[in-house]
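J.: Sharing a model prediction with you, sequence too.
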Amino acid sequence: PTHDDVDAFLTATLVGADPDGDAALAAQHAAGMPAIEVAPVNAKFLHLLARIAGARRVLEIGTLGGYSTLWLARAVPADGRVVTIEAEPANAAIARSSLERAGVADRVEILLGRGTDVLPTLDGGEPFDLVFVDADKESNTVYLDWAARLGRPGTVVVLDNVVRGGDVADAQTDDPKVRGARRGIEMLGEDPRFDATALQTLDRKGWDGVALAIVVDATASVPT
Ligand code: DHB
Ligand code: MG
């Protein structure tokens, strides 16, 4: 068996039938978006993290076609909120219709624009309980900084695509996405506002990984 067989078994057994998710994926692929959305097992992982955290307010940076957004929206209570930021209006329109079809659009707010422009407008609002960073990798450190600022001690932060087929271990790389992944990991290791780890993943998208962090009270001293 291959890792694709394992992915198929895990997806069929643990994620199961998901007509709304399938329709969301079909819509975004038909619209020509790249198939870079989170794998179903990964979407379910995010969903479970949000439930474990008791998240009521979730921030997603990078909506794409709304597939991860759908799974995050399913994790918050009916009066909860998922705020998701998308730079490409055509992507946001597809995401909106997929979320409507799934019956969760009322708890999702899609904000159009680049993260660097939209994130400052969220300053001063109620803190987010979970932040999923999955946008342009070059801006990872900017987005992680906003995740800490818009969160509170205890906020869960997830950073996608931190392994990139193993390239993250190459300190000499000039691939801007890999450099962004490296800088994101380095920031999570060095910045006193975070305590973090990362896991390598092998699913239908291949070899990649996800970093998981908690926002800590940077003014308290934490033994490491
Ligand atoms: C890319 C982006 C992603 O968010 C992802 O999950 C995989 C690949 C990319 O831009 O290459
Ligand atoms: Mg991603």
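T.: Noted; the coordinates are in hand. Ligands and ions are numbered 1, 2, ... in the order given.

J.: For the residue in the chain positioned nearest to ligand 2, name its beta-bridge partners.
T.: Minimum separation of the chain from ligand 2 (Cβ to the ion) falls at Asp160, amounting to 3.6 Å. Yep, even glycine has a C-beta here, placed from its N, CA and C like the rest. As for beta bridges, Asp160 partners with Val210 under DSSP bridges.

J.: and it, what is it in contact with?
T.: Applying Cβ atoms under 8 Å, 6 or more residues apart in numbering to Asp160 gives the contacts 38, 62, 132-134, 208, 210.

J.: what helix or strand is the residue of the chain found nearest ligand 1 on?
T.: When distances are taken as Cβ to the nearest ligand atom, the chain reaches nearest to ligand 1 at Ile36, 3.8 Å away. For Ile36, there is no helix or strand it lies in under DSSP states H and E.

J.: can you start the count at 519 instead of 1 from here on
T.: Let's use 519 as the start, then, which means that last one is Ile554.

J.: wait, it sits on Arg722?
T.: No. Counting by Cβ atoms under 8 Å, Ile554 does not reach Arg722; the two are 11.5 Å apart.

J.: Tell me the pLDDT of the residue most central in space within the chain.
T.: Residue closest to the average C-alpha location in the chain (Cα atoms, centre = their mean): Phe650, at 3.2 Å. On the pLDDT scale, Phe650 is placed at 99.

J.: okay, and for this structure, where does confidence drop off?
T.: 739-742 (pLDDT under 70).

J.: sorry, back to before: could you list which of the contacts of Asp678 also contact ligand 2?
T.: Asp652 (Cβ under 5 Å from the ion).

J.: give me the element Val527 is part of.
T.: Quick fix: residue 527 reads Phe, not Val. Going by DSSP H and E, Phe527 is in helix 521-528.

J.: So which bits of that helix are buried?
T.: Neighbour counts using 16 or more other Cβ atoms under 10 Å place Asp525 of helix 521-528 among the buried residues.

J.: Great, nothing more from me.
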